[in-house]
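**Student:** one predicted model, sequence on top.
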Amino acid sequence: MRASLIQIGVDEDESVDSRRRRAASLVRDQAGADLVVLPELWTTGAFAFESFTTAAEPLEGPTYEAMAKAASDAGVWLHAGSIPERDPDGPLYNTSLVFSPSGDLAAAYRKIHRFGFDKGEAVLMGAGSELVTLRLPDMTIGIATCYDLRFPELFRGLVDAGAEMFVLSAGWPERRRSHWTLLAQARAVENQAYVLACGTAGTHAGVPQAGHSIVVDPWGEVLAEAGADEEVLTVEFDPAKVATTREQFPALKDRLLGLEPPRR
Ligand SMILES: O=C(O)CCC(=O)C(=O)O
C-alpha cells in the first residue's frame, strides 16, 4: 500500500482560496498512491480560533467540492484533513472528510476531544460523539484528529471496531513535538496497528507548527518522518503486517478490562 501525507504549510500570508487550490493540486500530484492524507484545519490553521466562525463551511462547502474533485482526478482515497464545519442545526465541528477514488464522501468524523481546556476550540466547537472506521480495499482505517492522540481509549475503541490503521490529521505545535512522536509510536505499539499522522508546517496565530508527519508500523518502528517544512511524505508498507504482528505477539488477546458492554 502506498500513502502520501501532505504536510502543507499553513501561513497567514496565503489566502484560504489559494491554499485550497494548492492542496487540490498537491493531491492531484499523488495519482498512483492508494491513500492521500491532509492535516487538520489546513484552510484556517488549527490555532486561528478567531477565524473559525467566519471561515466555517457547510459539510458540502468549497473544501468538500475541491477535495472530492481532487480525489477523483487523482483516483485516490483521500483523507482531506478537517474543516471547520457549520452544522445548520448546531454548533461548529472540527470535521474530517474522507473521499473515495470516485470522489464520493466515504466518511466524516467530528473530532471528539477538543483542544484548549476552557478556551479556543474547546469553547468554539462542539464535540463529536461517534467513532468512525472505514474499509479501504486492503485495510480498515480508524479516524482521529490531533488532540485525540492523547486519549488511548479512543484508539482501543477503533481497534474493537476493526481498525488496523489509524489516520490522524493534526495541527500539532512545535513546542510539544516530543509528545507527538512518542504518542504516535505508543498508539501503534499498544494497538498493533499502523499510525499515519499528518501535521502542518508553518506558523499560524503565532503558533509554530511541529510538522514531522510520521508513519509508524504495528511494531512501533518509524517507517518515515517528515521535517518541519512543507513536504509530501510518501511511504509504502505491507497491510498484512498488522495480522502477523497480532498473531506473533498476541497481546491484544490478553485484555482483561474494558471488554464488558458499556453500562447504561
Ligand atoms: O495535544 C496537544 O499538545 C496539541 C493538540 C492540538 O493542538 C489540537 O488538537 O489542535
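**Tutor:** That came through, no problem.

**Student:** for residue 262, give me the pLDDT.
**Tutor:** Here, the pLDDT recorded for residue 262 equals 51.

**Student:** sorry, wrong one. I was asking about residue 12.
**Tutor:** In this model, residue 12 carries a pLDDT of 87.

**Student:** locate it within the secondary structure: which element?
**Tutor:** Here residue 12 is covered by no helix or strand, with elements defined by DSSP states H and E.

**Student:** how about the contacts made by it?
**Tutor:** Counting by C-beta atoms under 8 Å, 6 or more residues apart in numbering, residue 12 touches 45, 48, 204-205. Where C-beta positions appear, they are placed from N, C-alpha and C, glycine not excepted.

**Student:** looking at neighbours, which among these is most surrounded?
**Tutor:** Neighbour counts for those (other C-beta atoms under 10 Å) peak at residue 45, which has 26 neighbours.

**Student:** just say helix, strand or coil for the residue in the stretch 151-264 of the chain that the ligand sits nearest to.
**Tutor:** In the stretch 151-264 of the chain, the residue that lies nearest the ligand is residue 176 (4.2 Å; C-beta to the nearest ligand atom). Three-state call for residue 176 (DSSP: H, G, I helix; E, B strand; the rest coil): helix.

**Student:** same thing with residue 122?
**Tutor:** Under three-state DSSP, residue 122 comes out as helix.

**Student:** quick check: it touching residue 116?
**Tutor:** Yes: if you go by C-beta atoms under 8 Å, residue 122 and residue 116 touch, sitting 3.8 Å apart.

**Student:** just to revisit the earlier point, with secondary structure, pLDDT and distance to the ligand as added columns, please give the contacts of residue 12 in TSV.
**Tutor:** Listed next are the contacts of residue 12 as TSV, based on DSSP: H, G, I helix; E, B strand; the rest coil; pLDDT from 0 to 100; distance: C-beta to the nearest ligand atom, whole Å:
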residue	secondary structure	pLDDT	distance to the ligand
45	coil	91	10
48	coil	88	11
204	strand	87	11
205	coil	90	11
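
**Student:** and for residue 216, the neighbour number?
**Tutor:** Residue 216 has 25 neighbouring residues, counting by other C-beta under 10 Å.

**Student:** per-residue pLDDT of the nearest residue to residue 8 once chain neighbours are set aside, please?
**Tutor:** Closest residue to residue 8 in three dimensions, ignoring its sequence neighbours and counting by C-beta to C-beta, 6 or more residues apart in numbering: residue 42, at 5.3 Å. Looking at residue 42, its pLDDT is 97.

**Student:** wait, residue 42 sits on residue 81?
**Tutor:** Yes: using C-beta under 8 Å as the test, residue 42 is close enough to residue 81 to be in contact (5.1 Å).

**Student:** now the residue nearest to residue 8: how far from the ligand?
**Tutor:** With the distance defined as C-beta to the nearest ligand atom, to the nearest Å, residue 42 ends up 12 Å from the ligand.

**Student:** how about that residue, phi and psi?
**Tutor:** phi -80, psi -10 (degrees, to the nearest 10).

**Student:** now do the same contact list for it.
**Tutor:** Residue 42 neighbours (C-beta under 8 Å, 6+ apart): 8, 10, 19, 23, 81, 171, 200.

**Student:** repeat the analysis, applying 6 Å as the threshold.
**Tutor:** Residue 42 sits next to 8, 10, 81, 200 when contact means C-beta atoms under 6 Å, 6 or more residues apart in numbering.

**Student:** who in the stretch 1-150 of the chain is up against the ligand?
**Tutor:** Proximity of the stretch 1-150 of the chain to the ligand, by C-beta under 6 Å from any ligand atom, involves residues 46, 115, 146-147, 150.

**Student:** quick one: which of the contacts of residue 42 has the most company?
**Tutor:** Counting neighbours by other C-beta under 10 Å, residue 200 leads those with 31 neighbours.

**Student:** any idea of the pLDDT on that residue?
**Tutor:** 98.

**Student:** next up, the contacts around it.
**Tutor:** By C-beta under 6 Å, 6+ apart, the contact set of residue 200 is 10, 39, 42, 171, 209.

**Student:** residue 198 versus the last one, what's the distance?
**Tutor:** Summarising the geometry, the distance separating residue 209 from residue 198, computed by C-beta to C-beta, to the nearest Å, is 12 Å.
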